[in-house]
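1. any chance you can model this:
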Amino acid sequence: MNRIRLITHGGHSILLVDVSGCESPEMIRVIDEVPKHVREHPKGSLLLLADFTGAQFSREVVERLKIATVFDRPHLKRSAWVLTANLPKALYESIKTFSGRNLPIFATREEALDFLVAADHSMTA
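-> So this is what the prediction gives:
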């Protein structure tokens, strides 16, 4: 399964990072691949959706996410995460603080996709 791929929603191209159902070792592998995909896009242009539904977070996963979110930031126009109760709020907040990014969370992929393509949104990565 290709966990990092471009999809289209509402006529917009979105980079989907799908780590749904992943255990920590696979999440780490995918997270480490994300920056090379993100850097292929001009700064400030990319819509990114990360789907963490049912994923298993470890300390190492959280640390890798912190690093990836920092390196991805310049290339992103907007980002959204699909996240269930599988990541404790304190760890989520530590990722946001470390990266200096707004990381909106949605319960479903469809909600996140709609947020990303909303024309009147002024929120950024």
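
2. where in this protein is the helix or strand with the lowest mean pLDDT?
-> Lowest mean confidence among the helices and strands of the chain (mean pLDDT, DSSP states H and E): helix 89-99, at a mean of 89.

3. I'd like the next helix or strand past that helix.
-> With elements assigned by DSSP states H and E, the helix or strand that comes after helix 89-99 is strand 105-106.

4. which strands and helices sit next to that next one?
-> On a contact count with 3 or more C-beta pairs under 8 Å, 6 or more residues apart in numbering; DSSP states H and E, strand 105-106 meets strand 76-82. The way it works is simple: take the backbone N, C-alpha and C, and place the C-beta from them, glycine included.

5. ok, residues contacting the strand it packs on?
-> 20, 38, 44-53, 72, 101, 103-109, 111-113, 115-116, 121, 123-125 (C-beta atoms under 8 Å, 6 or more residues apart in numbering).

6. the same query, at a cut-off of 7 Å, please.
-> 44-53, 103-106, 108-109, 112, 115-116, 121, 123-125 (C-beta atoms under 7 Å, 6 or more residues apart in numbering).

7. quick one on the thing from earlier: which strands or helices does the least confident helix or strand of the chain pack on?
-> Under the contact criterion of 3 or more C-beta pairs under 7 Å, 6 or more residues apart in numbering; DSSP states H and E, helix 89-99 touches helix 59-72.

8. how near is the spatially closest residue to S24 that is not a sequence neighbour to R101?
-> Distances taken as C-beta to C-beta, 6 or more residues apart in numbering place S58 nearest to S24, at 4.0 Å, with adjacent residues excluded. The gap separating S58 from R101 is 21 Å, by C-beta to C-beta, to the nearest Å.
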